[in-house]
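Chemist: Sequence plus the predicted model coming up.
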Amino acid sequence: MKGRRGSTMLEGALVMTTFVLLLVGAMDFGRLGFTYNSVTYAAHQAARFAATNGSSSGHAASVATIQANADSNLVGLSSTGLTVSVTWTPNNNPGSQVQVVVSYSFRPLVVPISSTSLTLKSTAVDVITQ
């Protein structure tokens, strides 16, 4: 009976370690989902901003103002891993299209899925109205 005391402690430690690792991994996947939703929201809002601030609006949106708009809509995340690119097809006049691509570098906390980071990307296209 005295030899079994150590085995119970070892089994408890193994089960607890596995449980904590699964719990933290699930929280990290939740963080991944939140980050992807935030990147998608920022892309759609920036495209909407660019579409309503075309060349005939009186205060045309520039690449810098669209990037600032995407950054301001990236709620709860650091802007250090953010990349925003803007393309107008063919130009910034009403009836043309604007495409906004927002990329974000996501670093997992627990499970090193990638050696560097995961790049989450979302693209939004809108027709310029003003």
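Modeler: Arrived safely, thanks for sending.

Chemist: wait, isn't Gly54 in contact with Asn91?
Modeler: No: with contact defined as C-beta atoms under 8 Å, Gly54 does not reach Asn91; the gap is 9.2 Å. Glycine gets a C-beta too; all of them are placed from N, C-alpha and C.

Chemist: just for the chain, where's the confidence low?
Modeler: When residues are selected by pLDDT under 70, those of the chain lie in 1-5, 111-115.

Chemist: which stretches of the protein form helices?
Modeler: 4-52, 63-72 (DSSP state H).

Chemist: For Thr80, find the nearest of the ones you listed.
Modeler: Among the helices of the chain, helix 63-72 comes nearest to Thr80, with 10.5 Å by C-beta to C-beta.

Chemist: Return the list of helices and strands in contact with that closest one.
Modeler: If you count contacts as 3 or more C-beta pairs under 8 Å, 6 or more residues apart in numbering; DSSP states H and E, helix 63-72 packs onto helix 4-52, strand 82-89, strand 97-106.
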